[in-house]
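Asker: How does the following fold in three dimensions:
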Amino acid sequence: MAAALVAVFLVAPTLVVIPLSFTEYSVLSWPPHGFSLEWYDEVLTDPTWRSATMTSLKVGAGAALAATVLGTGIALGLSRGRFRGKNVATIAILSPMIVPVVITAVANYFVFVKWGLTGTAAGLIAAHTVLGLPFVVVSVSNSLSRFDRNQESAAYSLGASPLFAFFTVTLPQLLPGVLSGALFAFITSWDEAIISQFLSSPQVRTLPSLIFSQISSGVDPSVAAAASILLAVTAALMASASLVGAVSRRKRSS
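Answerer: Here you go, the predicted model:
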């Protein structure tokens, strides 16, 4: 009961934006007045909001794909490799989960300025890939800890190449961990605002970055509508990740 009350206390302030997004007033005020879908219509039809949403989707998909491919390979290397500095490498790979995001944002900005990647989708994808990478590594490593390598050995003994054995034996069993990691990598990119603020431009900006800019210049209910959409997508993806984990546990138990 206490845990539920703490959870409600932490989540409730975030959920306040949902009823605010349906207000009839042109300014945010509590309690909301009336009921209107005007602000959702504005977010979905206004070119600025629509462009930011599409950028977030593209950057999130690109970052999730890159983080999943790299993270799966890194997890395999860390799990099976025997080399000096393995612990240091593990700490370095997982450091984006620990280092304050603003420090990462400043570092990315100064490096990406020299590379000409600021204000580009490629720069945002690269930066968000680094943020999502640890989630994939942890998720896939967890799946690898329960993987029976004798099955790979059996595939090799039957003449399978390492690549064929990976795609037909290893990857199918690691798939729940890979999918969970990919979902968390996408969520990390979808919700990220600080790095996006440093690397975005008026032509290329993500939805969280645009929300932050709108709040800085003056709040209207369209910001609440955009934030509600952001929350809804995040909640759906979190539920999907939980479902993947539940299905995986059920398969193992059976």
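
Asker: what sits against N142?
Answerer: G177 (C-beta atoms under 8 Å, 6 or more residues apart in numbering). Placement of C-beta: from N, CA and C, glycine included.

Asker: For the remainder of this discussion, apply numbering that starts at 837.
Answerer: Taking 837 as the first residue, the last one we looked at is N978.

Asker: From A899, how far out is it?
Answerer: Remark: distance between N978 and A899 (C-beta to C-beta, to the nearest Å) = 21 Å.

Asker: show me what contacts A1061?
Answerer: So A1061 contacts S857, W875, Y876, E878, V879 (C-beta under 8 Å, 6+ apart).

Asker: Check what pLDDT it gets.
Answerer: With respect to pLDDT, A1061 has a value of 79.

Asker: Equivalent analysis for A957, please.
Answerer: Value for A957, per-residue pLDDT: 91.

Asker: ok, how many other residues are close to it?
Answerer: 17 (other C-beta atoms under 10 Å).

Asker: List the residues that contact it.
Answerer: T891, K894, V895, G898, V1040.

Asker: do the same with T904
Answerer: V972, V1014, G1017, A1018, A1021.

Asker: related to what we said a few turns ago, out of the contacts of A1061, what pair is the most spread apart?
Answerer: S857 and E878 (10.6 Å; C-beta to C-beta).

Asker: of those two, who's got more company?
Answerer: S857 (25 against 16).

Asker: just checking, that one touches S1064?
Answerer: Yes - using C-beta atoms under 8 Å, S857 is in contact with S1064, at 4.6 Å.

Asker: Quick one: neighbours of L880, just the number.
Answerer: Around L880 there are 14 residues (other C-beta under 10 Å).

Asker: Give me the phi and psi angles of it.
Answerer: phi -80, psi -20 (degrees, to the nearest 10).

Asker: quick one: contacts for it?
Answerer: R886.

Asker: quick one: it from L873, how far?
Answerer: 10 Å.

Asker: which SSE is R886 in?
Answerer: helix 883-916 (DSSP states H and E).

Asker: whoops, T859 was the one
Answerer: Using DSSP H and E, T859 is not contained in any helix or strand.

Asker: L1066: what's its closest spatial neighbour, skipping adjacent residues?
Answerer: L1043 (6.1 Å; C-beta to C-beta, 6 or more residues apart in numbering).
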